[in-house]
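Enquirer: have a look; sequence and predicted model below, questions after that.
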Amino acid sequence: MKYVVLGASASGINGAQELRNLDKEAEITLISKDDKIYSRCILHHYMEGIRDVKKLEFVEDDFINKNNIKWIKNAEASKVDVQSKEVIISTGETVEFDKLLIATGANTFFPPIPNLKAAPNAIGFRNFDDCEKIMEMSKTCENIVVMGAGLVGIDVISGLIHTGKNIALVEMKDHMLSIQLDKKAALAYEKGFESKGVKQYYEKGIKELIVDEKGKITEISLTNGEKIPCDLLIVAAGVRSNVSFLEGSGIEIDKFGLLIDAFGKTNCEDIYGAGDVTGRNPIWPTAVKEGIIAANNMAGIKSEMTDFFASKSTMNFLGIPTLSLGINEPVDETYMVEIENDDRGNYKKIIHRDGKIYGAILQGDLSYAGVLTQLIRRQINISKVKKPIFKIDYSDFFNIKENFEFVYER
Amino acid sequence: MRRIKIDRSKCIGCLTCVTACVVSHESCDSRNRVTIDSKTKAAPIFCRHCDKPECVYTCMTGAMSKNKETGYVEYNKERCASCYMCIMACPYGVLKSDRIEYKEIMKCNMCVHRTEDNKPKPMCVEKCPMSAITLEEV
């Protein structure tokens, strides 16, 4: 059996590993633009200098050899031929497959602002190369502007603070991390970054990029008319899935990305997909699970994705832990909001209605919060639990399987 | 592999296991817990070293990994980025970070550090006066 995996991040690597676990004899070829295996989620730690390249790896040492994988690095698929079952790669080579896993991920989205795409000093923060480029450019620049206050934007800021450069953040929404946090939880970070000298512009967009004769950005004009100096612009305004090489192949895509079913299969026989390339639920655990599930089905073991709850995240900026699940504000007045606060930086908020929890934010102490994830994801009715909502733990759902594992419903 | 079997009916909530855990790891926090449910019945909540470990799937640094030979879910604090995704992912609310620095995840290692040959030797099991927790093959 010849397996080909495109992409060497969460989905691709976990998919390849699972394929090897299930089939010791198979020929597994991994094709990736990346020449190293690294976790994108911790690139900002490399930028900050608290983690070296080796420690960006998220797999065991010598992973490729141990799993007997043929790895074609620095190459990307330029075409997939569904009929002849071949992948044509950027080096001109053709690689045959019996089964294919597409896990090519996503790339930085550059909004359609005039002068942005051509500017040599506008850069995304997604790949290792981006990270190195930013580190290099930040040595000589003075005024760094980050566009977008989502997790990626705040990651990059936390990686840059130690440089001592002027950093400004521009965000259309009225607070930081607006998908994950309410205003109160965001304020802890906003204040923290402010004390580190990060200038923050909320409810403002970029109206115009002022460039020099080489197309280099020198100044940014905001939607309120204000102008801010800029010699390095980091674009963190979302991503788009890497599916352009699939156009015309017969493999179905939509405006978000690659279309797969709950088994990871595309519309084409023997061709599977996983992770951010789908343009849906772009979080690490989903990518890992989809990679593993696709690999199982590729190897003939039926396996189905059942976990579609992806509005969940944790963060740790400036030493402040926060966890966010589901909605962060009540949708209407039928929802109830419980809040618990103290003066040591702990903030807890749970949004519920008719015995079910729809959202939660925990800041400070996150201990044992995994139960909350399940209560929301599984829409478990908690009315039978006679405890304060913040104290609910697994004891009221306690159940043991024959192999002594825990389980929710039997 | 061997798991810690929990016989909830025998548990009296004395917390000897919690103390044993703290002692074994010379830690200020325990890696297990005993809570009480709405009917005040004790529930020993211990890491199950799951066959399909959510904490491993969610870990973006490789700090949490499933040991294929022993079946145990191992935690490597040197690799950990203290991102807390595992705390959010553990369906049974077993995980937390250390209370002082919020840095290290309090993760059961089956007390393999207590033996020369990396075999499990959980102190909680040894000290439980009720035999509510026992080490058994699954």
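Expert: Sure, I can see it. No experiment lies behind these values; they were computed from the predicted model shown. Residues are numbered from 1 along each chain as shown, chains lettered A, B, ... in the order given.
Enquirer: for the rest of this, base every contact and every neighbour count on C-alpha atoms.
Expert: Noted.
Enquirer: so how far is stretch B:47-54 off the chain centroid?
Expert: 10 Å (Cα atoms, centre = their mean, to the nearest Å).
Enquirer: endpoints of that stretch, how far apart?
Expert: Between the opening and closing residues of stretch B:47-54 there is a gap of 12 Å (Cα to Cα, to the nearest Å).
Enquirer: what does stretch A:91-106 give?
Expert: Stretch A:91-106 has an end-to-end distance of 21 Å (Cα to Cα).
Enquirer: could you do stretch A:268-278 as well?
Expert: 15 Å.
Enquirer: ok, now stretch A:140-148?
Expert: End residues of stretch A:140-148 are separated by 23 Å (Cα to Cα).
Enquirer: now do the buried residues in it.
Expert: Buried positions in stretch A:140-148, judged by neighbour count with 16 or more other Cα atoms under 10 Å in any protein chain shown: A:142-148.
Enquirer: residues in contact with the residue positioned nearest the centre of chain B?
Expert: In chain B, the centroid-proximal residue (Cα atoms, centre = their mean) is B:Cys108; its distance is 3.0 Å. By Cα atoms under 8 Å, 6 or more residues apart in numbering or on different chains, the contact list for B:Cys108 reads B:31-32, B:46-47.
Enquirer: look up phi and psi at it.
Expert: phi -60, psi 130 (degrees, to the nearest 10).
Enquirer: quick check: it vs B:Pro129, distance?
Expert: From B:Cys108 to B:Pro129 the distance is 20 Å (Cα to Cα).
Enquirer: chain B contacts on the stretch 151-300 of chain A?
Expert: A:284-285, A:288-289 (Cα under 8 Å from any Cα of the partner chain).
Enquirer: mark which of those are part of helices, please.
Expert: A:284-285, A:288-289 (DSSP state H).
Enquirer: go through those and name the one nearest chain B.
Expert: A:Pro285 (4.3 Å; Cα to the nearest Cα).
Enquirer: wait, doesn't the closest one sit right on B:Cys55?
Expert: No - look at A:Pro285 against B:Cys55 with Cα atoms under 8 Å: they stay out of range, at 9.1 Å.
Enquirer: tell me the secondary structure at A:Thr314.
Expert: Here A:Thr314 is strand, with the state taken from DSSP: H, G, I helix; E, B strand; the rest coil.
Enquirer: and B:Tyr57, that one's in a strand?
Expert: No - read with three-state DSSP, B:Tyr57 is helix and lies in no strand.
Enquirer: which residues sit in contact with the closest residue to it other than its chain neighbours?
Expert: Excluding the flanking residues, the one nearest B:Tyr57 by Cα to Cα, 6 or more residues apart in numbering or on different chains is A:Pro285, at 5.6 Å. When contacts are counted by Cα under 8 Å, 6+ apart, A:Pro285 touches B:57-59.
Enquirer: any buried residues in the strand or helix carrying A:Ile228, and which?
Expert: A:Ile228 is part of strand A:227-229 when elements are defined by DSSP states H and E. By 16+ other Cα under 10 Å, the buried positions in strand A:227-229 come out as A:227, A:229.
Enquirer: now do the following helix or strand past it: which elements does it pack against?
Expert: The first helix or strand that comes after strand A:227-229 along the chain, using DSSP H and E, is strand A:232-235. Applying 3 or more Cα pairs under 8 Å, 6 or more residues apart in numbering or on different chains; DSSP states H and E, one finds that strand A:232-235 contacts strand A:122-124, strand A:143-147.
Enquirer: to chain B, which of those strands lies closest?
Expert: strand A:122-124 (20.4 Å).
Enquirer: list the contacts of B:Tyr102.
Expert: B:Ser82.
Enquirer: likewise for the one 10 residues further on?
Expert: Applying Cα under 8 Å, 6+ apart to B:Val112 gives the contacts B:118-122.
Enquirer: do A:Asp342 as well
Expert: A:Asp342 sits next to no residue when contact means Cα under 8 Å, 6+ apart.
Enquirer: now A:Leu372
Expert: A:Ala360.
Enquirer: B:Thr19 too?
Expert: B:Thr19 neighbours (Cα under 8 Å, 6+ apart): B:30, B:124.
Enquirer: is it part of a helix or strand, or is it coil?
Expert: The local conformation at B:Thr19, judged by three-state DSSP, is helix.
Enquirer: for chain B, what lies in contact range of chain A?
Expert: B:3-6, B:35-38, B:42-43, B:45, B:48-50, B:57-63, B:79, B:81-85, B:87-97, B:138.
Enquirer: closest to the centroid, which residue in chain A?
Expert: A:Ile283 (4.2 Å).
Enquirer: show me what contacts that one?
Expert: By Cα under 8 Å, 6+ apart, the neighbours of A:Ile283 are A:276, A:310.
Enquirer: same check on A:Pro282?
Expert: A:Pro282 neighbours (Cα under 8 Å, 6+ apart): A:275-276, A:310.
Enquirer: circling back to that earlier point, what two of the contacts of B:Val112 have the greatest distance between them?
Expert: B:Asn118 and B:Pro122 (11.7 Å; Cα to Cα).
Enquirer: pLDDT at A:Arg20, what is it?
Expert: Confidence at A:Arg20, expressed as pLDDT, is 98.
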